[in-house]
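Trainee: what would the 3D arrangement of this be:
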Amino acid sequence: MGTPAGRASAAGRRRGEPRFPGGPAPDPAGSHHERRIRSFRPRRGRVTPGQGEALRRLWGRWGLDIDGLRPVDLGGLFGDPDLPVVLEIGFGMGEATARMAAADPGTGILAVDVHTPGQGNLLARAERAGLSNVRVANGDAIILLREMLPPASLAGLRVYFPDPWPKKRHHKRRLIQPEFTALAASRLRPGALLHCATDWEPYAEQMLHVLSESPDFVNTRPDGGYAPRPDFRPLTKFEGQGLAKGHTVRDLLFRRR
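Mentor: Okay, here's the model as predicted:
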């Protein structure tokens with residue numbers, strides 16, 4: 001028989017109760033906004049005790065649920081109205097994000113993901129390193145861009161190793177599409193850098209085509225091709241494993257006109 005509504009679950013929570021009280025919401029946007037083809041797979045995964053503790057303690061201070069119901073005051077979120085803020089979409093376990101934040105304390109990083117263990121891990125890393133320039137957002141980055149961020153509010157946008165959706169029937173789910181670049185351009189300041197990286201060659205080719213065709217961006221490479229990995233993007237464990245297998249990693253750096 002199924003578990004009756006209200007009966008405590010095996011995890012000790014009643015149905016509908018948050019997994020981490022005071023932490024990220026399971027579905028922050030809910031039904032507030034129209035459904036669309038998702039460019040990501042929601043992932044919860046196993047959360048370690050340390051990650052769970054970080055979510056419970058730090059989410060109220062450094063976390064943001066993407067509910068699409070209110071605009072975000074980036075100056076207020078970071079406690080500094082003059083701090084330039086870069087949006088990072090998809091950060092995995094947060095290793096590279098924390099390293100970039102530590103190397104550039106004069107830039108705020110608003111890091112978006114739906115991976116609960118990664119959210120907790122990045123919060124814990126930020127606290128251990130004393131990083132005050134990292135904020136973690138939970139939910140759909142499209143809703144954040146479209147509904148919650150003001151025009152020309154971002155100093156940069158990073159999309160590192162997004163899901164390549166390799167099957168042809170799933171290509172429509174890839175994040176880097178003309179509609180996305182137009183939306184991103186509207187939220188980036190003139191001169192802001194859009195930086196993408198992927199180890200999936202067909203997706204790299206699509207990224208290069210889409211961004212090269214966009215009227216809002218110009219390739220920083222005079223030859224119109226891929227860029228070398230810039231020093232500010234750390235080599236991650238995931239990337240190192242791919243390189244060891246012979247994968248080619250492509251970086252694309254385009255500037256907002």
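Trainee: residues in contact with stretch 155-166?
Mentor: When contacts are taken as CB atoms under 8 Å, 6 or more residues apart in numbering, the neighbours of stretch 155-166 outside the stretch itself are 39-41, 84-92, 96, 107, 171, 173-176, 184, 187-189, 192-200, 202-203, 233, 238-239. No exception for glycine: its C-beta is placed from N, CA and C like everyone else's.
Trainee: repeat that for 7 Å
Mentor: In this structure, residues lying in contact with stretch 155-166 by CB atoms under 7 Å, 6 or more residues apart in numbering are 40-41, 84-90, 96, 107, 171, 173-176, 184, 188-189, 192-200, 203, 238.
Trainee: pLDDT of stretch 144-154, averaged?
Mentor: Along stretch 144-154, the predicted local confidence has a mean pLDDT of 97.
Trainee: ends of that stretch, how far apart?
Mentor: Length of stretch 144-154, first residue to last, CA to CA, to the nearest Å: 12 Å.
Trainee: equivalent analysis for stretch 205-224, please.
Mentor: Counting by CA to CA, you get 12 Å between the two ends of stretch 205-224.
Trainee: contacts for that stretch, please.
Mentor: The set of residues that contact stretch 205-224 without belonging to it, under CB under 7 Å, 6+ apart, is 174, 176-178, 181-182, 185, 194, 196, 198, 226-227, 252-257.
Trainee: what sits against the closest residue to Asp80 other than its chain neighbours?
Mentor: Once its chain neighbours are removed from consideration, Asp80 has its nearest residue in Gly108; the separation is 7.5 Å (CB to CB, 6 or more residues apart in numbering). Taking CB under 7 Å, 6+ apart, we find Gly108 in contact with Phe78, Leu83, Pro84, Val85, Asn133, Arg135.
Trainee: how near is the residue nearest to the fifth one when sequence neighbours are not counted to Ser153?
Mentor: The shortest distance from Asn133 to any residue other than its chain neighbours is 4.8 Å, reached at Gly108 (CB to CB, 6+ apart). Separation of Gly108 from Ser153 (CB to CB, to the nearest Å): 11 Å.
Trainee: repeat that for Arg56.
Mentor: 30 Å.
Trainee: and stretch 175-193, what's buried?
Mentor: Taking 16 or more other CB atoms under 10 Å as the neighbour-count basis, stretch 175-193 is seen to contain the buried residues 175-177, 180-181, 183-188, 192-193.
Trainee: hang on, the earlier thing: in helices only, show me the contacts of stretch 155-166.
Mentor: By the criterion of DSSP state H, membership of the contacts of stretch 155-166 in helices covers Ala96, Ala184, Tyr203, Phe238.
Trainee: just the pLDDT for the third one.
Mentor: Model confidence at Tyr203, given as pLDDT, is 97.
Trainee: hmm, back to that, just the buried residues of the ones in helices among the contacts of stretch 155-166.
Mentor: The buried subset of the ones in helices among the contacts of stretch 155-166 (16+ other CB under 10 Å) comprises Ala96, Ala184, Tyr203.
Trainee: can you list contacts of the helix or strand where Gly52 lies?
Mentor: Of the helices and strands defined by DSSP states H and E, Gly52 is found in helix 49-62. Contact partners of helix 49-62, identified using CB under 7 Å, 6+ apart, comprise 20-24, 117, 119-121, 123-124, 126-127, 134-136.
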